[in-house]
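**Q** What would the 3D arrangement of this be:
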Amino acid sequence: MTDLTETVRSLVTNKRFATIRDLFATMNAADIAPILSEQKESDLPLLFRLLSTETAAETFVEMNPEEQEMLIRSFSDTELKAVLDELYLDDAVDIIEEMPGILVPRILKAADPDSRKLINELLQYPDDSAGSIMTPEFVSLSPQETVEQAIEEIRKTGQDKETINICYVARADHTLIGSVTIRRILLSDPEDRIGDICDTNTVSCQTTDDQEEVAQLLSKYDLIAIPVVDNEKRIVGIVTIDDAVDVLSEENTEDIQKMAAITPSDRPYLETPVTNLFLHRIPWLLLLMLTSTMTELIINMFTDKMNVFGALAGAMLIACIPMLMDTGGNAGGQSSATVIRGISLGEIEFSDFFQVIGKELSVAAMSGTALGLLNFIKMLVVNAVLYHYEGEELHIYLIASLTISITILLTILVAKFSGSMLPMVAKKIGFDPAVMAAPFITTMIDVASLLLLYAMANVILLRII
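**A** Numbering: from 1, shown residues only. Have a look, this model is predicted:
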């Protein structure tokens, strides 16, 4: 792609526009858009005008909002209308939502009256709902039509529809009856009624359903499109698989950003100003720093009381704090990531709460036992190789090692319980489970590991030594 970008830049410099036009004619819109993005801003309108009308519209959809805005400002009314006429309505809505308010009236004015009415209706649906990403451009057939009539209907109207692979069967009042594939239509007898050959067990969603749940339905049932119905079961649009892929990509990106304690942003990283990156990160860093104050207070309190356990035991307990906190944070992060993914894919519901907790606690018990035992053995080896403790010192060293190893087991139990429980509770009460990921869980486990270490030291060391 870099070679093509440089080639186009060189052709522009030498004003070989016919060659550029021929080159673009052999390329996909998804490949043209990034090449245009790397050109000089002043050359972008000229290069865009070299594209055919259909390719220009497809390329326009692939470009980022800043470039789209710049092109719209450079378009004549005729050029703007030509692009809008080639766009599917859901793509037009997406573009309008990204544009500054001052450009929206001009865009709507350039659209034909019927499209403008439908665009305004789509803009009324809540953000992130099925209604906001659906397109009203689908093939609707009557159950009374014959196959021959249906084929003629598809020939007449299919050119402007987003897909004709799946056609939807509805009554005169638009109530959804079912769906029928173009394959089934072509292979049926010309005199068969559409109502007799359609599949009435059609999966659908409502306009207010969350877009991520709709995308998961498309994935679950291997659909290329899903009909969207209103409260009265009337079909008002469809969501296609390409929109679902975009939704899942956006949602996954947002979850990753939240799990990393970053305010979500839909702008590409290289196009995001440093100040925006700073503003998206600093609130979370500040919040996590403040929550870590509790950890600092506990460590200070813990250090002040170390003399109770003696110099050797106290030094060992303090030295193991980073290891305990890191192990607990890692264990909690594993559970939270696993559960959040299960929730996102619809594999885990709140009704599975006790099953998930039981499974994670079982893993925690095995992991904690293994790590605790390995830690105890490691400390014995360290003692044998480095310190050569004898007598009373050896006795204290062994008891302190046992205390630390038991604390590892308890820390992992608490970490995995918290890491699996918090995302499910967050989902149940309406929060994004991704927020309850590594940063918050790690901070909480840090506090828990310190409290457990102090408690175990009091229970074991003070009673045995």
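
**Q** pLDDT weak spots in the stretch 251-400 of the chain?
**A** 255-270, 291, 303-309, 383-385, 387-390 (pLDDT under 70).

**Q** Where do the helices of it begin and end?
**A** 274-291, 293-304, 311-344, 353-382, 391-428 (DSSP state H, counting those that start in this stretch).

**Q** And the residue nearest to Ala57 when sequence neighbours are not counted, how far from Glu79?
**A** Once flanking residues are discounted, Ala57 sits nearest to Glu86: 3.3 Å by C-beta to C-beta, 6 or more residues apart in numbering. For the C-beta atoms, the positions are set from N, CA and C on the backbone; glycine is no exception. Counting by C-beta to C-beta, to the nearest Å, the separation of Glu86 from Glu79 is 11 Å.

**Q** Then Ala29?
**A** 17 Å.

**Q** Now do the same contact list for Thr207.
**A** Residues near Thr207 by C-beta atoms under 8 Å, 6 or more residues apart in numbering: Tyr125, Ser129, Ala130, Gly131, Met134, Val228, Val229, Asp230, Val236, Gly237.

**Q** hmm, 10 Å instead?
**A** By C-beta atoms under 10 Å, 6 or more residues apart in numbering, the residues touching Thr207 are 122, 124-126, 129-132, 134, 228-231, 236-237.

**Q** What of Leu223?
**A** So Leu223 contacts Ile166, Ser179, Thr202, Val203, Leu217, Ile238, Val239, Thr240, Ile241, Ala244 (C-beta under 10 Å, 6+ apart).

**Q** Same check on Glu58?
**A** Asn28, Ala29, Ala30, Ile32, Ala33, Leu51, Ser52, Glu86, Leu87, Tyr88, Asp91.

**Q** Buried by neighbour count, from those residues: which ones?
**A** Ala29, Ile32, Ala33, Leu51, Glu86, Leu87, Tyr88, Asp91 (16 or more other C-beta atoms under 10 Å).

**Q** May I see the residues you listed organised as CSV, with pLDDT added?
**A** What follows is the buried ones among the contacts of Glu58, written out as CSV (pLDDT from 0 to 100):
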residue, pLDDT
Ala29, 91
Ile32, 93
Ala33, 91
Leu51, 92
Glu86, 88
Leu87, 88
Tyr88, 87
Asp91, 87
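
**Q** Dump these to a markdown table, plus distance to Ala110 and secondary structure.
**A** What follows is those, written out as a markdown table (distance: C-beta to C-beta, whole Å; DSSP: H, G, I helix; E, B strand; the rest coil):
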| residue | distance to Ala110 | secondary structure |
| --- | --- | --- |
| Ala29 | 21 | helix |
| Ile32 | 23 | helix |
| Ala33 | 21 | helix |
| Leu51 | 18 | coil |
| Glu86 | 12 | helix |
| Leu87 | 11 | coil |
| Tyr88 | 16 | coil |
| Asp91 | 15 | helix |
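
**Q** re the thing from before, which of the contacts of Glu58 lies closest to Asp196?
**A** Tyr88 (31.1 Å; C-beta to C-beta).

**Q** Against Pro65, how distant is that closest one?
**A** With C-beta to C-beta as the criterion, Tyr88 and Pro65 are 18 Å apart.

**Q** repeat for Arg9
**A** 23 Å.

**Q** Val203 too?
**A** For Val203 relative to Pro65 (C-beta to C-beta), the value is 33 Å.

**Q** Geometric centre of this structure: which residue is closest?
**A** Centroid-nearest residue in the chain: Asn252, 1.7 Å away (criterion: C-alpha atoms, centre = their mean).

**Q** wait, what's in contact with the closest residue to Met379 other than its chain neighbours?
**A** Closest residue to Met379 apart from its sequence neighbours, by C-beta to C-beta, 6+ apart: Ser401 at 4.1 Å. Contact analysis of Ser401 by C-beta under 10 Å, 6+ apart lists Ala313, Met316, Cys320, Asn375, Phe376, Ile377, Lys378, Met379, Leu380, Val382, Asn383.

**Q** Repeat that for Tyr88.
**A** So Tyr88 contacts 57-58, 61, 94, 135-137, 160-163, 240, 242-243 (C-beta under 10 Å, 6+ apart).

**Q** what's the answer for Met63, then?
**A** Listed by C-beta under 10 Å, 6+ apart, the contact set of Met63 reads Ala29, Ile32, Ala33, Pro34, Leu36, Ser37, Leu44, Phe48, Glu69, Met70, Leu71, Ile95.

**Q** can you pull the pLDDT of the fourth one?
**A** The model reports Pro34 with a pLDDT of 90.

**Q** Then the one 3 residues further on?
**A** In the prediction, the pLDDT value recorded for Ser37 is 87.

**Q** What of Pro439?
**A** Confidence for Pro439, expressed as pLDDT, is 64.

**Q** before we move on, back to that, out of the helices of the stretch 251-400 of the chain, which is closest to Glu148?
**A** That would be helix 311-344 among the helices of the stretch 251-400 of the chain, by C-beta to C-beta, at 45.6 Å.

**Q** Can you list the buried residues in the closest one?
**A** Neighbour-count burial for helix 311-344 [16+ other C-beta under 10 Å]: 312-314, 316-317, 320-321, 324-325, 327-329, 331-344.

**Q** Around the closest residue to Lys427 other than its chain neighbours, how many other residues sit close by?
**A** Among residues not flanking Lys427 along the chain, Pro433 sits closest, at 4.8 Å (C-beta to C-beta, 6+ apart). Using other C-beta atoms under 10 Å, Pro433 has 24 neighbouring residues.

**Q** residues in contact with Pro433?
**A** Contacts of Pro433 by C-beta under 10 Å, 6+ apart are 255, 258-259, 336, 339-344, 348, 422-427.

**Q** Next one: it relative to Ala426, how far apart?
**A** 5 Å.

**Q** likewise Pro126?
**A** In terms of C-beta to C-beta, Pro126 sits 21 Å off from Ala426.

**Q** Looking at the two, which is more packed in?
**A** Ala426 (19 against 12).

**Q** any idea how far the more buried one lies from Val339?
**A** In terms of C-beta to C-beta, Ala426 sits 10 Å off from Val339.

**Q** Also Ile241?
**A** Counting by C-beta to C-beta, the gap from Ile241 to Val339 is 27 Å.
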